[in-house]
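Undergrad: Provide a 3D model corresponding to the input given below.
(one chain, ligands or ions: 1)
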Amino acid sequence: DGSPAEKLFNQGYSYTYDDVIFLPHYIDFPTDAVNLSTKLSRNIPLSIPCVSSPMDTVTESYMAAAMAAVGGIGIIHSNATPSEQADMIRSVKSRRVPILSSPVFKTPDSRIVNEFEGDDVPFVFVTQSGNEKSKLLGYVAKSDWLGLKDTEIKLGEIMRTDANVSVPCHYDLGQINGKLKEEGRDFVVLEKEGGEVVDVVTKEEVERVKGYPKLGKGTVGSDGRWMVGAAIGTRGSDKERLEHLVKAGVDVIVLDSSQGNSIYQIEMIKYVKQTYPELDVIGGNVVTMSQAQNLIKAGVDGLRVGMGSGSICTTQEVCAVGRGQATAVYKVSSIATQSGIPVIADGGISFSGHIVKALVLGASTVMMGSFLAGSTEAPGAYELNEKGLQVKKYRGMGSLEAMTKGSDQRYLGDTAKLKIAQGVVGAVADKGSVLKHVPYTMQAVKQGFQDLGASSLRSAHDLLRSKTLRLEVRTAAAQVEGGVHGLASHEKKAF
Ligand code: XMP
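TA: You can find the predicted model right below:
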């Protein structure tokens, strides 16, 4: 019944995830017995196969912390100055709570002057520097300034200076919750050893997270801090950027390019491996076996696969180059496995079923942009679109808008300075917190694995290569049948 992958993917067609479907196999274990632990790259183990994409509307420190908290990892984008990018790494590394509140900091000399009206700011924190980079001197609660007649009064004169508002920044949610209860407080301030403020965590946020699926240990390095990756390009200046990131403690580097099989990338891979032998470097993007082979020869620790399959990508239309993502993942994985190099299936993930397909076809992880961009943890604020739907902006890194901010080197922008867009700007619907929707999605992926009789990624790959798992191509009508059809309307929520 059906065809082995080897036959299906060698017929000269480029298949996407939606083109193919697995035939069910035999179930002899419960869903909970499925283990999705995996590797991002040679030396980075993950407990779930999820990676957030290095895009400026997807991964900054908040997203990376949340991805690490659920057992995946985030890759911080490089559409920022090297020191801004390094600061994002430091921010992930300095905390153990996947929560970001944006506290307002002021100097002791600041005046009230109706400054906080309009903003829903419950507290203002007073530090010498007026930002989080120095010791906390005190705080002013909203109730303290609301009744004040004298708007000339300085914050330093009315601030509260009670002790016991601070906890070490390495405290996890459980420890913070204990402290909140013990002291009967509405917030605690996370501080580094020298007293520098890292963040403020409120009782409300802790309550919100407590309602989500239970968090495990997360992706923690040997130093006890969350692991985080960062993207860089392949220009000379990226060597300097890399130095900043290494100093900030980055755990893995992703060379961000839409066509990774280039002399620039090969030289960069060699440079990274020579200069920082302990640091894993992920190359890409690639979609063919020969592209992959070149990067493997150069010494990559992981490969990122996909060209033009992303939801905001126009590379295939603009440049006539790329490959259907199911074929690309299968082909590259078949060669990468031989060298023990994990593959990241990058782009084109809209449902949990796409994740199952990517992983079974050989990938070790999936990298997601649009799937995560509507989350609370993605950068940017929610807006209401014309239909009244709550959305967040999501843009391709090759869109004119993103390139104007500096990401053009992903597309090897030439010296003529003529920018050609290979991506678009759009918006995606509100999805709530990553801390909730990623664990639910993983449960759905486990059910897919169970249907296939695969209790782990390794067993799925073995079943595929041994031709036990069979696939078929879905006709256009079969694809329509496989989705919701024939209803006037339907509930879209999955959990
Ligand atoms: P999804 O489908 O998860 O895809 O939204 C995210 C991936 O898309 C790639 N990417 C781009 N590709 N033009 C492209 O052709 C772009 O402007 C662009 N921006 C991102 C990238 O690999 C990302 O992880």
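
Undergrad: Can you give me the pLDDT of M368?
TA: Per-residue pLDDT puts M368 at 97.

Undergrad: quick check, P54 in a helix?
TA: No - read with DSSP: H, G, I helix; E, B strand; the rest coil, P54 is coil and lies in no helix.

Undergrad: so it sits right up against A231, yeah?
TA: Yes - if you go by C-beta atoms under 8 Å, P54 and A231 touch, sitting 3.5 Å apart. Heads up, the C-betas are built off the backbone N, CA and C, glycines and all.

Undergrad: Next, E401: phi, psi?
TA: The phi/psi pair for E401 (degrees, to the nearest 10) reads phi -60, psi -50.

Undergrad: So which residues of the stretch 101-250 of the chain form helices?
TA: 142-146, 155-158, 173-183, 203-210, 237-248 (DSSP state H, counting those that start in this stretch).

Undergrad: rewinding a little: for P54 and A231, list the residues in contact with both.
TA: 75-78, 254, 256 (C-beta atoms under 8 Å, 6 or more residues apart in numbering).

Undergrad: tally of neighbours for the residue in the stretch 201-350 of the chain positioned nearest to the ligand?
TA: Nearest residue of the stretch 201-350 of the chain to the ligand, counting by C-beta to the nearest ligand atom: G310, 2.3 Å away. Here the count is done by other C-beta atoms under 10 Å, and G310 has 27 residues near it.

Undergrad: What's the separation between the closest residue in space to it that isn't next to it in sequence and V366?
TA: Spatial nearest neighbour of G310, excluding adjacent residues (C-beta to C-beta, 6 or more residues apart in numbering): G347 at 3.6 Å. Distance, G347 to V366, using C-beta to C-beta, to the nearest Å: 9 Å.

Undergrad: that older thread, can I assume the residue of the stretch 201-350 of the chain closest to the ligand sits in a strand?
TA: No - using three-state DSSP, the secondary structure at G310 is coil, not a strand.

Undergrad: Check what pLDDT it gets.
TA: In this prediction, G310 carries a pLDDT score of 80.

Undergrad: What residues does the stretch 201-350 of the chain have near the ligand?
TA: 258, 285, 306, 308, 310-315, 346-349 (C-beta under 6 Å from any ligand atom).

Undergrad: Adding secondary structure, write those residues out as CSV.
TA: Shown next, in CSV, are those (three-state DSSP):
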residue, secondary structure
S258, coil
N285, strand
G306, coil
G308, coil
G310, coil
S311, coil
I312, coil
C313, strand
T314, coil
T315, helix
D346, strand
G347, coil
G348, coil
I349, coil
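
Undergrad: could those residues be laid out in a markdown table, adding distance to L8?
TA: Compiled in a markdown table, these are given as follows (distance: C-beta to C-beta, whole Å):
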| residue | distance to L8 |
| --- | --- |
| S258 | 26 |
| N285 | 23 |
| G306 | 19 |
| G308 | 21 |
| G310 | 24 |
| S311 | 25 |
| I312 | 28 |
| C313 | 24 |
| T314 | 28 |
| T315 | 25 |
| D346 | 22 |
| G347 | 21 |
| G348 | 18 |
| I349 | 21 |
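
Undergrad: List just the nearest of these to F29.
TA: I349 (25.5 Å; C-beta to C-beta).

Undergrad: surely the closest one meets T365?
TA: No - checked against C-beta under 8 Å, the pair I349 and T365 is beyond contact range at 10.9 Å.

Undergrad: Show me the strands in the stretch 251-400 of the chain, by range?
TA: 252-255, 280-286, 302-305, 343-346, 365-368, 383-384, 390-395 (DSSP state E, counting those that start in this stretch).

Undergrad: May I see the ones you listed arranged in CSV, with mean neighbour count and distance to V165 as well?
TA: What follows is the strands of the stretch 251-400 of the chain, written out as CSV (neighbours: other C-beta atoms under 10 Å; distance: least, C-beta to C-beta, whole Å):
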stretch, mean neighbour count, distance to V165
strand 252-255, 26, 35
strand 280-286, 29, 39
strand 302-305, 29, 42
strand 343-346, 31, 42
strand 365-368, 30, 37
strand 383-384, 10, 34
strand 390-395, 20, 32
